[in-house]
Every structure is written in structure tokens, then in C-alpha cells.
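Asker: Predicted model and sequence follow; I will ask about them next.
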2 protein chains.
Amino acid sequence: MKRLGIPQYLDGRTGDKTLSKAVNRALLLHLLREKGACSRASLAKDSGLNKVTVSSQIAELIELGIVKEIGVGASELGRKPIMLEIAGEAGYALGLSISTTGLFVVAMDAAGKIDRSDFFPIEVHTPEAVIDAIVSVTRNAKRRYRQAKFGLFGIGIAVPGTIDQGTRRVVCSAKLGWEDVPFSEDLAKVFGGILHVGNDATLATIAEHELNAPEADDFVCLLIDEGIGSGAYINGAIHYGHNGQFGEVGHMTVVHDGLRCPCGNTGCWDLYGSELALRQALGTARGGKIPDAEELLTLAASPPDWSQEAFSNFVDYLISGIVSIMNAMAPSMLVINCAVLSASPAMFEAVKAGVASRALAHTHVCEIRLSSLGKTAPAIGAAMAAKDRFFEGLIVNET
Amino acid sequence: MKRLGIPQYLDGRTGDKTLSKAVNRALLLHLLREKGACSRASLAKDSGLNKVTVSSQIAELIELGIVKEIGVGASELGRKPIMLEIAGEAGYALGLSISTTGLFVVAMDAAGKIDRSDFFPIEVHTPEAVIDAIVSVTRNAKRRYRQAKFGLFGIGIAVPGTIDQGTRRVVCSAKLGWEDVPFSEDLAKVFGGILHVGNDATLATIAEHELNAPEADDFVCLLIDEGIGSGAYINGAIHYGHNGQFGEVGHMTVVHDGLRCPCGNTGCWDLYGSELALRQALGTARGGKIPDAEELLTLAASPPDWSQEAFSNFVDYLISGIVSIMNAMAPSMLVINCAVLSASPAMFEAVKAGVASRALAHTHVCEIRLSSLGKTAPAIGAAMAAKDRFFEGLIVNET
DNA sequence: GGCAATTTGTTTGTTGACTTTACAAACTAT
DNA sequence: ATAGTTTGTAAAGTCAACAAACAAATTGCC
């Protein structure tokens, strides 16, 4: 297993006793979360810490209620170990993802197990309507989990737009038609716990990273639906960028002097490689109705003759953009969350082959995978982000 | 001043006493390097450490020879402080930058002051010839600085290509025509100190960051000469990328179905926005000789009519690529090292204006500057990188 | 000049988290 | 039953940071 670096949330501290303790606690919680059930002895071996240190830290974590003993385990020889585990039932996080059609909601326990997963349609997506829906969902969850030690300890919200992590306002969401919405301020009034608001692609990246390659230090995730967004782990940490605006790869120029984009630029990737662009191209190709998201997948699965060119162009533009990202950022793994590619293995293979032939040589070490999470990725990532914050709190605040 | 995060080279350690000490030493050396002369008391105030802790650490650093007392300073009231400073003369680093025409060499003392700066022309640039030249330069420097406590403690080498930071081999340099050269292995035989080999754009980025905006956490530097390379500080740390191949922005696709690039891709930015591309375009425009690097600058400074279109296209392609980088990476500052733009303030202004009008809204907070270092940036950055490694050694090894 | 106030830097002793050493408990194999 | 092994705890030791007290040096005011 990859050795944990000293986490960023411990930055800006001096080297005193509390730092030692926090670093070691972070290390132990990391191992417990990654490995699942394990004993004090194996934690000591894997962490490099002394047995005694592990025992005393674990005693405190059990006292806190976040770790529990789950009985004795097996052993080849000698005394049987007392197995430990994160106490999932200690508390719960909610992950929400806002789209134009509704709210994806995921409830996750402290151990990362998904407890439930829902979709709530909403008619209008004004900030008020969305906040109302979120408040109602939150209230229900708070009630449902009130018996847990930490109850509903946090909410993560995935927004298709840019969020200033300082003020936590939604700076802009073209998809929802929002501009400078003091989203979390309103929510903080009704929910006192952890509130993490983030870009949907960034949060989806957290989920894909956790499930696909938690050990990959340089990891990029592409979210291709109406537009194209991305997120990245860099040097082992999720990256928000200046003002939380990292990852608007949909507005990279891929066609010089190309179509005019509402963003102000011309020839943006969004206008050629997104599902929206593809649907429009398909509509033009058959000289009729633009297919909706559902029909799109049917067409992708077995493309009729008239659609071949549109699909093939789509693949071409995807390759262009992906090659740009690979060459510029040199990730060790790239995960693509795209319903069309998931529906058509042939198209995904074409993308992989195209990228392999056109990207710089190092590509042979950059694996490209399809997401297995689909539309729920941002909500799952949002819950994970809230959960991560919760554990940070256990490390930073509880000495 | 920005508070130092816990440095990455301390990752992978457990929280014991040595970590505390290392963190505090890193903090103190950081302050001493950034602030210049200062007293124990002011270090205590700025670091948040106890006076006693500062005094004992400083005593060890003075014992090591890397810090010195430089006499008493001024004070408004009370006892006058004993001023401290990094002992520059304690040791020296050499920074070298390999180009097709020769070797830029910079000698830098431990405090970061440039002691000398030279250029050694070389006729051929085979690995053997270059290594010979480097060995000779190194030998001289070693002799020159032999009286210093740490002598010539390190060398940094900037290579126009990709370097695997694990094996430290030059994976590929298109410009030099090198492939898989075990460069540092050969050098390590004749020089036992710190040997840092890196990509030229990455190392130039270190120099530009240090001198332009050391406090910028998200910083991108573009190096535009024969090709286009880049480097970036992300989350406050220079980023090498998987296999050290981050930053090949010259091979982002900016023209769909564009010119075929030797790299395997088509429509690469390199083929449209580099100085080489510009010189070729100028040659075509006047239907005659391709201008050399020197003439290029004369033309840029006062462009004749026949050259206008070529220059204007060049600016256009630069804008395209820069907008892509800004939107994808969201840096808070971008420095451009490009002789043509330095020669023509008007063109630079046109680039800035174009980017401002085409990049996403957050751009108003991303300042764009021209490099003040020019061709020596990679060599200076190489020396800085070696020097940084030296200080890391003082922190990690000397308990 | 003498004394209070202030700032710098050191001396002395305390604290706390980790480590080492020793040991008890529990288990397997012979 | 006994030896050997592994797990986990208890007691004692270590070390770097911290806190309090103090010495040294300087300014300002009477």
C-alpha cells in the first residue's frame, strides 16, 4: 500500500507534540479506512509506528466512537488478533448532486458504505427551489440518523459550476443559469454540520479516484455529459485550483477559429466533444429531431448508417482533447465518465486506440478506463468529500 | 508572508520527535531564506515557535555553518537584536542549461546570490560531447569553490526533453536528438554531490516563480522558443508529473485536423505558436530566407508590412493555447518567457488583451507577466533546484 | 546619573508523545 | 506439558518543544 504523505490540512503548523499525534492519527485512520478490518499489531507493522503508540491512539479512537473492536481474527501461529474497524454506524454523510432535472442523493456511513441512493425530480432549478429541496432532504436524513453517535455529520453538494472555496459561493453555473449565489450561507442556517460545496466534476473525480486507483498520484477524470468537465489529483491530492476553478477543460480551444462559444472563446472542446454537441450533430445528420439523452444511448449502442459520421467526428474530437490533456498534464491514469462511451464499447476502444497513437510516448503507462459510477459519481464524491472533512476534524480538533 | 506548508520531502514519515525538529528547521530556514537578515526574536514571532526552540535550532545551524551572525541590528526600544543570515559562502551550486548551441552556466551561492554567469559554445551536441563539457565546467567550479565549507555541493542540469525522476535518465529530447540517455549515471561517476536533472521548462518555472511570485500557489510558466514547454506550481509545489513528463503543452491540439507533428499528433500548438513556426511563416511570407533567431527579434521590434500577417497569426495561436491552459488549469499567475514578446511590447499587449477577452471570467485575477530572465532562466532554475535539494538534505539528514 | 520599561536571548525545569524494555495473555506445534 | 510465537499492555526512559524566570542591553524619563 502507498505510504501516506503528511496531509495538507496539517499545513501551517509548527512541529510540536500535537503535530506528531495528528500525523500518526491521520496515518492510522488512513490505514483503517483503506485496509478494512485489521489488528493493532498489523497497524503497527504497516504504519511503522510502535505497538504502544498504536494501542494508545486506538484506545482514544475507540473512546471517541469512530473505531470499534469486532472480535478476534485468524492467525497462523500465536495469539489471535483483536480485529478493529471503522465504526460505520458512528455517523453519516449526505452527498447531493444538482442537475437541471433533479437531485441525486446518496447517504454514506462513516466507513464509506452507501446506505441509500435516491433521485428527487425537481421542476424548476432556481436557487430557491433547489435549496428548498436540499433542506427537505437534509431534514429527513437528520431524523433518520439521529440515533448515530455523530448523527448526520455532514453534507456534500456537487454543483455544475465554479465555486469559490473561500466564500463558498457559487460563482457561476452556466448549466443552471446561476450567478454568484450565496448557496452555502443559506444552507448553513438550517444545518450546522460540515457543509462542502464543490464542482461536480471535481467531486466525481474524488469518487472515481477512490474506487479506481486510490494509489494513483496523478489522476485525471473527465466528466462528459452536456458539457465537458474534469478534475485531477496532483501529487496525490485533489486539486481545486485558484478560486476553485480548475478543470474547465471543456473550454480548451480544439478548433482554431472555430464556433463561437458563449464563454467568450472560439472553438471550445465543449462545442465538439460533448454529448450536447453530439446530439445536435445527430439531429443535423438525419435532418430531423435532435435525439434526447435516452435515444442517444440507443443510437450509440447500434449506430445506424446515417449516424456514423457524427459519431466518428465525436470520437475524433474526444481524442484531440484527451491527447491535449495527456500531453499537458501527464497523468498516470485517466477515467472517463461518459454515458455514450459506456454504451458503445467499440467507440471507447476507438478512443483508446486514437489516443495511444497520437499522445506522446509516455502514454503507454497512462491507463484509460471508463467510469463504473455513471450519473451518481458527483453525489458519491460529494458524500466522500464531506466524510473526508469529518475525519480531518477528528484529527485536527480532537488533539 | 505566506505560511509554509509541511514540505513534501518530509512525507512518508511517522510523527516522532525527529519530524517535529525537521518541520521546525524547515520553517526557520524558509524564513531565513525569504526574509534575509533577521533576529532570533523575529524568527520566533514569525514562525510561531518558542524563543528557546529558535535559539537551540539556530545554534545547531550556526554549528553546521549554514547560518551566521552578522552583528547587531537596529531597534526602537530595548536590547538590540543579533542579526542572522544564511551564510552564502558556505557552499555553491552550479546550474547548467543544455541547448543545441552551447551551455549556459550559472554559479549560485547558498544564499541564492548569483556568483557568475557564463556561456560555453559547443559545436556538436552528442551526449558524449555535452557530458565532456559539463565535466570540465564542473571540475573548474569544484576547484574554484574548494575553500567553502560545503564546496560545490550540487549541480542542476536543465535538459530540453523529458526526464524520468526515478531512473534520472533522459527519456527523450527531440531538440537534441537524444533518446534514453543515462546522463546522470555518467556524471555521478565524476561528481559525488547533489545532481538534479530536470526539464528546462520545469526548471525555468522554478526560477520565474522564485523571482516573480514566490507566494503564488498556482503558477504556470510558459517557455516559448524553438518549441513550447511549460512548468507549473500546483498547491504551492513544483509539479513534475507522472514520469516527470508534465508540461508538454506544445503538443496540445489547437488546430483540428491540422499539420502532422513528428510527435504523432496533428495540429500541435508547437507547429503554430513556437518561434520556429513563426520564423518559418515569416520565411514563407517574404518568399525568401527563413530569418534566424537574431533577425526574428529585429523584425518583431518593428515589423515590416509583409510580416504583419505572420506575426498576427502567431499572436492568435498564442492566445488560443494560453486560453486553453488558463481554463484548464486556473493558475493565479502566468509568466511567459518568450524573446519575441519581450522584443515587442505591442504584441505582448495584444496577447494579454486577447486572453482577457477569451478566457473564462476568473481571468481577471490571473496576472500575465513577461519573464525578466530570458535565456538564462533554465540555468538559474537548475541552480536553485540543486540549492533547494541541499537545504532539504540539511533538514532531513542532519536530524 | 539613576530607575523604570522594553526587548533580546539564555538558563532551568516541566510536559507529553513516542520509544524501549519487560511481561502477561493466548494460541500452535511437538 | 512444554517450547515457541504472536498479540497486546505496563513501566520506565528519551527527547524536543514549551513555560517561567532571569540576565543582558538599550531607551526614555525624572
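Answerer: Perfect, I can see it now.

Asker: who's in contact with residue A:110?
Answerer: A:66, A:86-93, A:150, A:153, A:387, A:390 (Cβ atoms under 8 Å, 6 or more residues apart in numbering or on different chains). In this view, the C-beta of every residue, glycine as well, is placed from N, C-alpha and C.

Asker: Apply 6 Å and report the result again.
Answerer: A:88, A:90, A:91 (Cβ atoms under 6 Å, 6 or more residues apart in numbering or on different chains).

Asker: now swap in residue A:240 and tell me
Answerer: A:165, A:246.

Asker: doesn't it fall inside a strand?
Answerer: No - the assignment for residue A:240, made by DSSP: H, G, I helix; E, B strand; the rest coil, is coil rather than a strand.

Asker: hmm, back to that, any chance of the contacts of residue A:110 in CSV with pLDDT and secondary structure as columns?
Answerer: Putting those into CSV (pLDDT from 0 to 100; DSSP: H, G, I helix; E, B strand; the rest coil) gives the following:
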residue, pLDDT, secondary structure
A:88, 97, helix
A:90, 97, helix
A:91, 98, coil
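
Asker: can you put the residues you listed in CSV and add neighbour count?
Answerer: Formatted as CSV, these follow (neighbours: other Cβ atoms under 10 Å in any protein chain shown):
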residue, neighbour count
A:88, 17
A:90, 21
A:91, 23
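
Asker: and which of these is nearest DNA strand C?
Answerer: residue A:90 (22.0 Å; Cβ to the nearest atom of the strand).

Asker: near chain B, which residues of the stretch 151-300 of chain A?
Answerer: Within the stretch 151-300 of chain A, the residues that sit near chain B (Cβ under 6 Å from any Cβ of the partner chain) are A:218, A:234, A:241-243, A:245-246, A:248-249, A:251-256, A:263-265.

Asker: longest helix of chain A?
Answerer: helix A:308-329 (DSSP state H).

Asker: what is the rounded mean pLDDT of it?
Answerer: Average pLDDT, helix A:308-329: 96.

Asker: touching chain B at all, that helix?
Answerer: Yes - contact between helix A:308-329 and chain B, assessed by Cβ under 6 Å from any Cβ, occurs at A:320, A:323, A:324, A:327, A:328.

Asker: Give me the contacts around that helix.
Answerer: A:254, A:269, A:272-273, A:278, A:281-282, A:285, A:303, A:347, A:350-351, A:354-355, A:358-360, B:248-249, B:251-253, B:256, B:265.

Asker: Stretch A:216-235 now?
Answerer: Stretch A:216-235 has contacts (Cβ under 6 Å, 6+ apart) with A:201-202, A:204-205, A:208-209, A:236, A:239, A:247, A:249-250, A:269-270, A:273-276, A:331-338, B:234, B:241-242.

Asker: Next, the distance between the ends of that stretch.
Answerer: This stretch, stretch A:216-235, spans 9 Å end to end (Cα to Cα, to the nearest Å).

Asker: Could you measure from residue A:196 over to DNA strand D?
Answerer: Computed as Cβ to the nearest atom of the strand, to the nearest Å, the residue A:196 to DNA strand D distance reads 30 Å.

Asker: whoops, I mixed them up, residue A:282
Answerer: 60 Å.

Asker: Okay, and that residue sits in which element?
Answerer: helix A:275-285 (DSSP states H and E).

Asker: Just give me the neighbour total for residue A:289.
Answerer: 10 (other Cβ atoms under 10 Å in any protein chain shown).

Asker: Show me what counts as buried in the helix or strand that the helix holding residue A:282 is followed by.
Answerer: Following helix A:275-285 in sequence order, the next helix or strand is helix A:293-301 (DSSP H and E). By 16 or more other Cβ atoms under 10 Å in any protein chain shown, the buried positions in helix A:293-301 come out as A:296, A:297, A:299, A:300.
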